[in-house]
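Peer 1: Below is the structure, and that's it, no one-letter string:
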């Protein structure tokens with residue numbers, strides 16, 4: 001089932017169950033995907049694969065930033081709403097890599113690229129992001145690379 005079909009099906013289910021948080025989150029995601037598709041491919045095409053995952057990750061990052069801000073400023077009701085939206089968006093991400101899998105992948109990429117120190121971090125990160133295809137957070141990848149490149 002394609003991502004767009006899955007979003008549409010979940011929107012219908014959210015409408016039936018009158019789940020406004022899920023419905024509004026899915027509408028926002030659908031809109032973000034459409035804007036990204038128009039920008040990249042034109043109005044008639046849809047994003048799939050790594051490009052769609054990147055849009056979802058961007059939406060998740062926005063929610064996490066808002067969540068941190070609301071928690072820091074004593075707004076638990078808004079933080080709770082952001083957390084609920086986060087859980088809806090995370091359903092659309094592929095299965096995440098474990099820390100051990102990330103470390104093994106980092107080791108392999110460092111060996112392949114011949115990276116010797118922090119100066120080569122960009123080269124390693126580029127190769128890692130292509131291989132993980134959205135299954136690992138950029139921050140986690142960066143930390144793993146930083147540990148191994150000294």
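Peer 2: Happy to help now that I have it. In this text the structure is predicted, and so the values were computed from the model without any measurement. Residues are numbered from 1 along each chain as shown.

Peer 1: Can you name the residues in contact with stretch 43-58?
Peer 2: Residues outside stretch 43-58 that contact it (Cβ atoms under 8 Å, 6 or more residues apart in numbering) are 2-4, 29, 32-34, 36-37, 40-41, 89, 92-94, 133-134, 137. For every residue, glycine as well, the C-beta is placed using N, CA and C.

Peer 1: Just the endpoints, please. Distance across that stretch?
Peer 2: 21 Å (Cα to Cα, to the nearest Å).

Peer 1: Now do the buried residues in it.
Peer 2: 47, 52-53, 55-57 (16 or more other Cβ atoms under 10 Å).

Peer 1: List the buried residues for stretch 5-24?
Peer 2: Quick answer for stretch 5-24 (16+ other Cβ under 10 Å): 7, 10-11, 14, 19, 22-23.

Peer 1: for those, which one is nearest residue 81?
Peer 2: The nearest member of the buried residues of stretch 5-24 to residue 81, counting by Cβ to Cβ, is residue 22 at 11.5 Å.
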